[in-house]
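*Asks:* Mind folding the following:
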Amino acid sequence: MKIASSKRLMLFSGSANLPLASDVAEILGEPLGDVELSSFANGEIYVRYNDSVRGADCFVLQSHSSPVNFHIMEQLIMIDALQRASAKRITAVVPFFGYARQDKKVRAREPISARLLADMFLAAGADRIVSVDLHTGQIQGFTSTPFDHLTALHGFADYLTGTMVQGETVIVSPDSGRVKLAEKYAKHLGAEMALIYKRRRTDLRNEVEALWVVGEVEDKHAVIVDDMVDTAGTLISAAKLLKARGALTVRAVATHGVLSNPAVDRIKNSSLEELIITNSLPLPPAAEGLPNLSVLSIAPQLAQAIEAIFNDASVSSLFRGENF
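*Replies:* Next comes the predicted model:
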């Protein structure tokens, strides 16, 4: 008996960022898969796929937005359901990877929560993980399965090239951990680099103090580059310091706009000309209409990566080898 082999792509979305998933599906020319997502009275999550997934190449897209733990658990249960329904391959597409800041021990008796989350994906049945601009690249090594690390770098670089005012530009790393990222932006934009030295408090979360600028920023247009903006404390401190050192304008790019309180108020009342983020996370209602906030779509990059994975093609070539 001869059986003709065929491949079938199915894209499903959790409840965290349905507009982004819909945009990805539209670019791929594939409808979003039909999945029932609901909760029991006590808050437990229920998942059921309304179509057969047997033998399909399934992609589950979910950003770990607030409430973070709920959306993580929802994605894990969706993956488990696919595995039990005999999906051929399951890829967890996680534009924003939760707990990524907890990737190592800084003090005694701390967890490495990013590793725990990676283990949970494998235990649920994920064969592959896809994420965008991880807080640290070492998270890719937390799994024994393929982990594709995408980047929004080129979209940001193209946007800045088309919108920046005339004059000298300096790319600013907000801390030592973003120097390599700043170097990539500087190369794309033909700009100089600067670094902000900061000290983070160990007794409080999300509390930093920008201390000094290393590099020339006077009479230049400064662009701060980072992977995320959470409470915006680091960003606003950096922008204030750059202005005090003579920067003509200060802009910032960050892939993930977490924008936890009081980020929106801080950004609104800051000296930032513009904060540019992607739609990897849904905007909080308070950020809608924020005059100095611009949002770029990450959907094309996600769609290209999903198509490449489905066709067993190179993912890194899509990002010119700069997705590490």
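
*Asks:* and A126, helix, strand or coil?
*Replies:* The three-state label given to A126 by DSSP: H, G, I helix; E, B strand; the rest coil is coil.

*Asks:* which residues does it contact?
*Replies:* With contact set as Cβ atoms under 8 Å, 6 or more residues apart in numbering, A126 has these partners: I79, I90, T91, A92, T145. In short, each C-beta sits where N, CA and C put it, glycine included.

*Asks:* let's see it at 6 Å
*Replies:* I79, I90, A92 (Cβ atoms under 6 Å, 6 or more residues apart in numbering).

*Asks:* next one: I171
*Replies:* By Cβ under 6 Å, 6+ apart, I171 lies in contact with A182, Y185, A186, A191, M193, V223.

*Asks:* need these in CSV with neighbour count, can you?
*Replies:* Listed next are those as CSV, based on neighbours: other Cβ atoms under 10 Å:
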residue, neighbour count
A182, 23
Y185, 22
A186, 20
A191, 21
M193, 18
V223, 28
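
*Asks:* mind listing the strands for the protein?
*Replies:* Applying DSSP state E to the chain gives strands spanning 9-13, 35-39, 45-49, 57-61, 89-94, 128-132, 147-150, 169-173, 192-200, 208-214, 221-229, 249-257, 274-278, 293-296.

*Asks:* Can you tell me which of those strands is nearest to M73?
*Replies:* Closest approach to M73 among the strands of the chain is made by strand 45-49 (6.0 Å; Cβ to Cβ).

*Asks:* any idea how far the closest one is from the chain center?
*Replies:* Relative to its chain's centre, strand 45-49 lies at 25 Å (Cα atoms, centre = their mean, to the nearest Å).

*Asks:* what sits up against that strand?
*Replies:* V35, E36, L37, S38, S39, M73, E74, I77, M78, A81.

*Asks:* Report the beta-bridge partners for the fourth one.
*Replies:* Beta bridges link S38 to Y46, judged by DSSP bridges.

*Asks:* got JSON lines for the contacts of I171, with pLDDT too?
*Replies:* Converted to JSON lines, the contacts of I171 look like this (pLDDT from 0 to 100):
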{"residue": "A182", "pLDDT": "95"}
{"residue": "Y185", "pLDDT": "95"}
{"residue": "A186", "pLDDT": "95"}
{"residue": "A191", "pLDDT": "94"}
{"residue": "M193", "pLDDT": "96"}
{"residue": "V223", "pLDDT": "97"}
